[in-house]
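Enquirer: Fold the following, please.
(2 chains)
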Amino acid sequence: MRRLSRRLRLNEPQLAVLFLLPALFGLAVFLYYPIGRTLLFSLYDLERTTELSSERFVGLQNYAQVMRTAQFWRSFGYTLYFTLVSVTLEFGLGLGMALATFQVIPALRGLLRAIIIIPWAIPAIIQAAIWKWLFNSDVGLFADLLLRTGLVQEPPLFLGTPLPAMHSVILAYVWRGAAITSIFLMGGLALVPRHLHEAAMVDGARPWLRFRRITLPLMLPTIMVTLMFRTIDALRAFEIIYGLTGGGPGTTTEVLSSFAYRFYFSYAQFGQGSAYAIVTFALVMGLSWLYIRRLVPHLQLRGQSG
Amino acid sequence: MSHPYQSRHARHARNRSQRGSHTRHLLFSLLVTALIALFSLTPLYWILLTSLKQPGSEFQKPVRYWPAEISWESYQTVLGPDFRMQDAIINSLIVSSCVTVGALFLAALSAYAIARLRFTYKFQSLLLIQAAGMVPPIVVIAPTFVLVRSLGLLSSLPGLILPNIIYNIPLSTWLITAYFAGLPFELEDAAKVDGYAPFSIFWRIMLPLAAPGLFSAGVLAFLGSWGEFMLAFTVSLGLPEAQTVPVAILSFSQAFELQWAWVAAGIVLSLLPVIVIVLIFQRHVVQGLTAGSVKY
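Expert: Here you go, the predicted model:
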């Protein structure tokens, strides 16, 4: 490559294109092309096949057909509910844990950070397996605690009845999500200058007032970015549902992603599955665009143009 | 702390109250750490506990909260000829190592172009790369399956490695771009004066300076591809040749719904590498994750 660039006497823009090409080519093959393909799939009637032929073209019928079913709207509703509740809980827990790392004695800070970060490192599908065992209605931790404290006579089927299952999935998801939320917020908290707090302390400001008037305003950009990022992640959650309940009981914990997967690989209905996937895509990318537009200008780049 | 005009009596009183508040702060710190540990580590403790039970005794009551007697039998079973958990771990190590190297190489090239070279459509290129990072996996999985099949790579490690390299480009590019952007521009100007060719400036001068950024990006790419599930599950076709750790654990937990000691032992073994990595590289992980507060 060095000899090549010397022989060709590349100028800076040409070198930039050469450097960007491999990554952009890869993204085109494994991300942009498949997105286009899925969009096309969603316009065809594809049962047990992914061959696009003109007689299978159905226009927007897959969308119309899918949107006529109660299942679609229920999973759409659950996707939104799952996102709203889990992002809220994650934020509360994450903020609490992040604040705690700045309050404890310095000797414990590193340990505390390590403890907080561990759930994040566990792959989502393995986390689902762990929580499946915790939620076991016979000898699981939660069932046993409920029995021992005498709160219930008969432990509920955490994953086998609709309402508990919908919330068990959220709880398991929040366990890992709170970890990453907390790490993000720690980054924001580290940016709050100490001397502001000290000055306010001299003026006799109580902790709550200092949090509201100093910490919160200075952290607002970090909080916005964190909330956006966590919302995007929750909207496309798949593993925790697939591994914990498989969408059941019935289809009560099915989100758009897991429903699409079911259409693809259980029903072999690639057209309708793609319609579900495209709806997910639309939800996520709208928000992602806002998020990225907010982040990208933060980088100070040389010779930025266009 | 002590003030020259303070009376001895006042100084004593102050020391005493400070000592009191130190003790209180220590107690508070220990309490908070214990509470957070309870939240973060209980699920893992529960799995560890189960993995040490005598297989077959998982459903015995009353439920015990500490090991009565420790049995390593489940570990022997999952590492034995019928399960061969180590194969999945080796597969995952191969996949994640290749993905890390590949993603870092491609991302470093594009990050250097974006952060250091002058060209039009720079902003748009970065948007194009970052937007790709937000795409939900479900949107690409079906066509990717067809694509990997047509390349003849189903149920093979390269079939997992190639797409996963690409999936990690956006985050890696972002982290390395942020790092490159922070280096002084005089470096390249000086190198140019010294007669370095453009590629040498990148390879010999800038890349070594960006090593900390590369390292953070590398740790995150490794962990990301270690946990990747949807593609690994779909492309492996459930065959052991290309099973990575997440796929193996899912199939264990579905096949042995009553042998939780085995499943738990598999989970513990599969988590050891990631937990070790996270604890050793904690600082890099946190730095990577909070650099511009982006992404997982």
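Enquirer: I'd like to know which helix or strand in chain A has the lowest mean pLDDT.
Expert: When each helix and strand of chain A is scored by mean pLDDT, DSSP states H and E, helix A:2-8 comes last, with a mean of 57.
Enquirer: in the helix or strand that comes right after that one, what's buried?
Expert: Toward the C-terminus, helix A:2-8 is succeeded by helix A:12-27 as the next helix or strand (DSSP states H and E). With burial defined by 16 or more other CB atoms under 10 Å in any protein chain shown, the residues of helix A:12-27 counted as buried are A:13, A:15, A:16, A:17, A:18, A:19, A:20, A:22, A:23, A:24, A:26, A:27. The C-beta positions use only the backbone N, C-alpha and C, and glycine is treated the same way.
Enquirer: Return the per-residue confidence for the nearest residue to the second one once chain neighbours are set aside.
Expert: What it means is residue A:15. With CB to CB, 6 or more residues apart in numbering or on different chains as the criterion, residue A:15 has its nearest non-adjacent residue at 5.1 Å, and that residue is residue B:198. Predicted confidence (pLDDT) for residue B:198: 83.
Enquirer: hang on, the earlier thing: of all the buried residues of helix A:12-27, which two lie farthest apart?
Expert: The span of the buried residues of helix A:12-27, defined through CB to CB, is set by A:13 and A:26 at 21.1 Å.
Enquirer: Would you confirm that residue B:39 belongs to a helix?
Expert: Yes - under DSSP: H, G, I helix; E, B strand; the rest coil, residue B:39 falls within a helix.
Enquirer: For the stretch 151-296 of chain B, give me the ranges with low pLDDT.
Expert: Under the criterion pLDDT under 70, the flagged ranges of the stretch 151-296 of chain B are B:291-296.
Enquirer: can you give me the helices for it?
Expert: In the stretch 151-296 of chain B, the segments counted as helices under DSSP state H, counting those that start in this stretch are B:157-181, B:186-193, B:198-200, B:207-209, B:211-227, B:230-236, B:245-255, B:260-280, B:282-290.
Enquirer: Which of those helices has the highest mean neighbour count?
Expert: Ranked by average neighbour count under the criterion mean count of other CB atoms under 10 Å in any protein chain shown, those are headed by helix B:157-181 at a mean of 25.
Enquirer: Just want the angle from that one to helix B:245-255.
Expert: An angle of 130 degrees separates the directions of helix B:157-181 and helix B:245-255 when computed by axes from the mean of the first three to the mean of the last three CA atoms, to 10 degrees.
Enquirer: is helix B:157-181 anywhere near chain A?
Expert: Yes - Helix B:157-181 comes into contact with chain A (CB under 8 Å from any CB of the partner chain), by way of B:162, B:163, B:165, B:166, B:167, B:169, B:170, B:173, B:177, B:178, B:181.
Enquirer: I'd say residue A:249 and residue A:164 touch.
Expert: No - under the criterion of CB atoms under 8 Å, residue A:249 lies out of contact with residue A:164, with a separation of 9.9 Å.
Enquirer: which one of those two has more residues nearby?
Expert: Just comparing residue A:249 and residue A:164: by other CB atoms under 10 Å in any protein chain shown the higher neighbour count belongs to residue A:164, 18 against 15.
Enquirer: hang on, the more buried one in a helix?
Expert: Yes - if the criterion is three-state DSSP, then residue A:164 is within a helix.
Enquirer: residues contacting it?
Expert: With contact taken as CB atoms under 8 Å, 6 or more residues apart in numbering or on different chains, residue A:164 is in contact with A:156, A:157, A:158.
Enquirer: I'd like those residues as TSV, with secondary structure, pLDDT and neighbour count appended.
Expert: Putting the contacts of residue A:164 into TSV (DSSP: H, G, I helix; E, B strand; the rest coil; pLDDT from 0 to 100; neighbours: other CB atoms under 10 Å in any protein chain shown) gives the following:
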residue	secondary structure	pLDDT	neighbour count
A:156	coil	86	17
A:157	coil	91	16
A:158	coil	93	24
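Enquirer: Which neighbouring residues are in contact with the residue positioned nearest the centre of chain B, exactly?
Expert: When chain B is reduced to its mean C-alpha position, the closest residue under CA atoms, centre = their mean turns out to be residue B:223, at 2.8 Å. Taking CB under 8 Å, 6+ apart as the contact definition, residue B:223 lies against A:121, B:96, B:274, B:277, B:278, B:285.
Enquirer: go on, residue A:249?
Expert: Contact partners of residue A:249, counting by CB under 8 Å, 6+ apart, are A:159, A:160, A:161, A:162, A:165.
Enquirer: Include pLDDT when you put the residues you listed into TSV, please.
Expert: Rendered in TSV, the data for these read as follows (pLDDT from 0 to 100):
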residue	pLDDT
A:159	93
A:160	91
A:161	93
A:162	93
A:165	96
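Enquirer: Make a PyMOL selection of the buried ones in those residues.
Expert: Here is the PyMOL command that selects only those of the contacts of residue A:249 that count as buried (16+ other CB under 10 Å):
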select buried, chain A and resi 159+165
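Enquirer: quick one: low-confidence parts of the stretch 201-306 of chain A?
Expert: Of all residues in the stretch 201-306 of chain A, those with pLDDT under 70 make up the ranges A:298-306.
Enquirer: Tell me the spatial nearest neighbour of residue A:247, not counting adjacent residues.
Expert: residue A:254 (3.8 Å).
Enquirer: typed the wrong thing, it's residue A:239
Expert: The nearest residue in space to residue A:239 (CB to CB, 6+ apart) is residue A:124, at 3.7 Å.
Enquirer: for the spatially most central residue of chain A, helix, strand, or coil?
Expert: For chain A, the residue sitting closest to the mean C-alpha position, by CA atoms, centre = their mean, is residue A:233 at 1.3 Å. The local conformation at residue A:233, judged by three-state DSSP, is helix.
Enquirer: just checking, it touches residue A:177?
Expert: Yes - contact between residue A:233 and residue A:177 holds when scored by CB under 8 Å: they sit 7.3 Å apart.
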